[in-house]
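Chemist: Dropping a prediction and its sequence here:
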Amino acid sequence: MDGARGPQARHRHDRARRTLMARWAIVGTGDISARLLTDLRATPGTAVTAVWGRDELRTKEFAAAHGIETSTFDRAALLAREDVDIVYIATPAHTHRAIAIEALEAGKHVLVEKPMATSARDVEDIFDAAARADRFAMEAMWMRFNPLHVDIRGRIESGEIGTPTGVRASFGTPFFPRPRVQRPEQGGSSLLDRGIYAVTLGHWFLGEPTAVHAQATFVDGVDVRGHATLEHERGFTQIAWSSMEFLDLSAAVAGEHGWISIDPMFWAGTSAKVHAGSMERIFQAPGPVSHPRVGNGYGPMLRSVEDALSAGMRQHPAHDAPATIAVARTLDLILGAAARPTP
């Protein structure tokens, strides 16, 4: 093989380009793309060169509103562009697998909005395609990079509350319904849209569950609310999710020496309280933890992606393929358990 085309040469070429500028394309013109784009523009070492959308007029309007030079509704043309290194995919969840694989096979890195796909098998397919293409792939689980959550994980790993044995989290809001959430043929699922954050917390602190118990309400084949208990080797996770009403939007991680409560909205949190260290701190004056949000909160994740690309990584160690696939497996199990009739 020509050395200039070998993997090592490609990695050197990639690293050289990353030190200058990573060129992004946006796939999808919804609200989340707009919010992430604001933070992406504030991330050093990035440029946004193109945007794709299914509707030509809306895509042109999105590009004009956000100062993106190129807009297109021809996805193949976007993925063939030489001025695109990485693609952020924020289309409906049921399209993520096909679009991500298409982008990877075109030689682009991908950051895929959560859920990365609608089943563990499809998530595996994306990472398999990334490995074949020698390209970076990551799910955009921004909570993993949130400074508050990084701080909390560090405190728990240092033993501040002892060995964690319980996680509790819920995410329920009735507003801003999205049509795809109500359409099973489009991967509609309140669990995949909202409950995924609670499941991710359980995985962080207790690992993959050994058993799952769940119930849910389905409307036209879509889970619109539900609750589940995940049993782990050393404890349990209790979660609830809904697109029909408000649920408590906080979360907590408990251990043998105390607990940490994460204030609403826990998945995009900026404050928490540590109930540990003394009787007074446990019951009367818990220690406050605060990390004010900068921008829309996507900056830490985007900087981490940039760092990974600069280092020539193909997965991010903080949110890699095994972690992403494990959560997807649990989501599959919850939906499967919830869909079974109660004896």
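Modeler: Perfect, I can see it now. Numbering: from 1, shown residues only.

Chemist: now the strands for the stretch 201-343 of the chain?
Modeler: For the stretch 201-343 of the chain, the strands defined by DSSP state E, counting those that start in this stretch occupy 211-219, 222-232, 235-242, 251-255, 258-262, 271-276, 287-290.

Chemist: what's next to the fourth one, contact-wise?
Modeler: Looking back up the chat, that one is strand 251-255. Strand 251-255 is contacted by residues 152, 156, 161-170, 198, 201, 205, 259-262, 266, 276 when judged by C-beta atoms under 8 Å, 6 or more residues apart in numbering. For glycine as for every other residue, the C-beta is placed from the backbone atoms N, C-alpha and C.

Chemist: Which ones among those map onto helices?
Modeler: Among these, DSSP state H puts 152, 156, 198, 201, 205 in helices.

Chemist: from the contacts of strand 251-255, which would you call buried?
Modeler: Neighbour-count burial (16 or more other C-beta atoms under 10 Å) is assigned, among these, to 152, 156, 161, 164-170, 198, 201, 205, 259-262, 266, 276.

Chemist: okay, the strands of the stretch 201-343 of the chain in TSV with mean pLDDT and distance to R41 next?
Modeler: Below are the strands of the stretch 201-343 of the chain laid out as TSV (pLDDT from 0 to 100; distance: least, C-beta to C-beta, whole Å):
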stretch	mean pLDDT	distance to R41
strand 211-219	96	39
strand 222-232	96	35
strand 235-242	98	32
strand 251-255	98	30
strand 258-262	98	29
strand 271-276	98	27
strand 287-290	98	26
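
Chemist: Of all these, which one comes closest to P174?
Modeler: strand 235-242 (7.6 Å; C-beta to C-beta).

Chemist: Also compute the angle for that closest one relative to strand 222-232, please.
Modeler: With axes from the mean of the first three to the mean of the last three C-alpha atoms, to 10 degrees applied, the angle from strand 235-242 to strand 222-232 works out at 170 degrees.

Chemist: Strand 235-242: partners in the sheet, and parallel or antiparallel?
Modeler: strand 164-172 (parallel), strand 222-232 (antiparallel) (DSSP bridges).

Chemist: okay, now the domains of the chain?
Modeler: 3-142+300-312, 147-290+326-339 (automatic domain parsing).

Chemist: could I get these as a markdown table with distance to H319?
Modeler: Putting these into a markdown table (distance: least, C-beta to C-beta, whole Å) gives the following:
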| stretch | distance to H319 |
| --- | --- |
| domain 3-142+300-312 | 5 |
| domain 147-290+326-339 | 9 |
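
Chemist: between those, which gets nearest to D320?
Modeler: For D320, the closest of those is domain 3-142+300-312, at 8.0 Å, according to C-beta to C-beta.

Chemist: can you point me to the longest helix in this protein?
Modeler: Under DSSP H, the chain gives helix 321-339 as its longest helix.

Chemist: tell me which residues of that helix are tucked away?
Modeler: 321, 323-335, 337-338.

Chemist: Okay, angle between it and strand 222-232 too, please.
Modeler: Using the same axes, to 10 degrees, one finds that helix 321-339 and strand 222-232 are set 120 degrees apart in direction.

Chemist: Measure how helix 321-339 sits relative to strand 211-219, angle-wise.
Modeler: Orientation of helix 321-339 against strand 211-219 (the same axes, to 10 degrees) gives an angle of 60 degrees.

Chemist: pLDDT on helix 321-339, on average?
Modeler: The average pLDDT within helix 321-339 is 97.

Chemist: Please apply the same query to stretch 243-250.
Modeler: Average pLDDT, stretch 243-250: 96.

Chemist: Which one, of the strands paired with strand 235-242, ends up nearest to M301?
Modeler: Closest approach to M301 among the strands paired with strand 235-242 (C-beta to C-beta): strand 164-172, 18.6 Å.

Chemist: Point out where the stretch 101-250 of the chain drops to low pLDDT.
Modeler: For the stretch 101-250 of the chain, applying pLDDT under 70 flags the ranges 176-187.

Chemist: go again using 50 as the cut-off
Modeler: 179-181 (pLDDT under 50).

Chemist: got the angle between whatever helix or strand R121 lives in and helix 321-339?
Modeler: Assigned by DSSP states H and E, R121 falls within helix 120-133. Per the same axes, to 10 degrees, the angle that helix 120-133 makes with helix 321-339 is 160 degrees.

Chemist: What pairs with the helix or strand just after helix 120-133, parallel or antiparallel?
Modeler: The element immediately downstream of helix 120-133 (helix or strand, assigned by DSSP H and E) is strand 137-140. Partners of strand 137-140 in the sheet, by DSSP bridges, are strand 109-113 (parallel).
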